[in-house]
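Peer 1: 3D, please:
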Amino acid sequence: MDFMDMNAPRIALFIDGANVYSAAKRLGWNFDHRKILDHFAAQGTLYNAFYYTAVPLPIDDKQRRFTDALTYMGYTVRTRPLRESTDENGDTSRRASLDIEIVTDLLTTTNLYDTAVLLTGDGDFERPVEVLRARGKRVIVASIPEMTSYELRNAADLYVDLGDLRAQIERPGYRLPSEGRGEQRSPDTKAAEGRPFYMTAALAENDER
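Peer 2: The predicted structure follows:
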C-alpha cells in the first residue's frame with residue numbers, strides 16, 4: 001500500500017483543453033496527457049487533475065473515446081456542449097467556454113491542495129491566480145510564450161514553457177500540423193486558421209486532444 005507523504009505539497013492540475021490543443025498545434029507535436037499527469041504529479045502528492053473540454057451534441061465516438069481515456073488516466077473531465085452562433089455576416093461558428101468551470105474548481109477546492117498547476121495562457125485567469133496566491137497557494141502556469149498573456153505570467157509564482165518539456169510529455173509517433181515557430185505552413189493549414197478551434201480540431205482524422 002502506498003502512503004501519502006505528509007511533507008509533500010498537494011498538487012492539483014487544471015488543464016484548459018482548448019488552449020493546450022492550440023499550443024500543441026503551434027509546436028507541431030502532440031502532448032501525451034498521461035505523461036503530463038505523471039510529470040506534474042511527481043512534484044508532490046496529486047490531489048486531483050481536471051481536464052476541461054467542449055463536446056459536440058450528440059457526442060461522437062471519437063470524442064467519447066478521448067474523454068473516456070482521460071477518465072481512465074485519472075482525470076476528472078468537465079465538459080460543456082458546443083453552441084452554434086451566427087454573426088452579422090451570416091457566418092456560423094461552434095464555440096464553448098469552460099472558464100467558469102475552471103475558476104469554480106480552482107476556488108472551491110483550495111483547502112485540498114497547496115500548489116495549483118494551470119495549463120493555459122489565457123489572461124482571463126489573472127485575477128483568480130492572484131486570489132489563490134493571496135490565500136497562500138502556489139500557482140504554476142504552463143503554456144507556450146506566444147500564447148501566454150503577460151498579466152497571467154506575471155501573476156503566477158512560476159511559469160513553465162511546455163516546449164521545454166518535449167522530452168517528458170510528447171506523444172511519440174504522432175505529429176500535429178504546425179501553426180507557428182517559423183515552420184512552413186501548407187495552404188490547407190493556413191485556410192484552417194480562420195476556423196474556430198473546435199471546428200479546426202475536428203478536421204484531423206486521428207487527432208486526440
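Peer 1: Please count neighbours and contacts with C-alpha atoms only from this point.
Peer 2: Will do.
Peer 1: May I ask you to name the longest helix in this structure?
Peer 2: For the chain, the longest helix by residue count, based on DSSP state H, is helix 61-73.
Peer 1: Remind me what that helix packs against, helices and strands.
Peer 2: strand 75-81 (3 or more Cα pairs under 8 Å, 6 or more residues apart in numbering; DSSP states H and E).
Peer 1: So in this protein, which strand runs the longest?
Peer 2: strand 45-55 (DSSP state E).
Peer 1: OK, contacts around residue 103?
Peer 2: Neighbouring residues of residue 103 by Cα atoms under 8 Å, 6 or more residues apart in numbering: 125, 128.
Peer 1: now do 10 Å
Peer 2: 14, 124-125, 127-129 (Cα atoms under 10 Å, 6 or more residues apart in numbering).
Peer 1: Going through those, which ones are buried?
Peer 2: Among the contacts of residue 103, those scoring as buried are 14, 125, 128-129 (criterion: 16 or more other Cα atoms under 10 Å).
Peer 1: now these as JSON lines including secondary structure, pLDDT and distance to residue 168?
Peer 2: Listed next are the buried ones among the contacts of residue 103 as JSON lines, based on DSSP: H, G, I helix; E, B strand; the rest coil; pLDDT from 0 to 100; distance: Cα to Cα, whole Å:
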{"residue": "14", "secondary structure": "strand", "pLDDT": "98", "distance to residue 168": "18"}
{"residue": "125", "secondary structure": "helix", "pLDDT": "97", "distance to residue 168": "26"}
{"residue": "128", "secondary structure": "helix", "pLDDT": "97", "distance to residue 168": "28"}
{"residue": "129", "secondary structure": "helix", "pLDDT": "98", "distance to residue 168": "26"}
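Peer 1: Export the residues you listed to TSV and append columns for distance to residue 146.
Peer 2: Formatted as TSV, the buried ones among the contacts of residue 103 follow (distance: Cα to Cα, whole Å):
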residue	distance to residue 146
14	20
125	16
128	21
129	20
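Peer 1: Let me know the closest of the residues you listed to residue 41.
Peer 2: Nearest to residue 41 among those, counting by Cα to Cα, is residue 14 at 11.9 Å.
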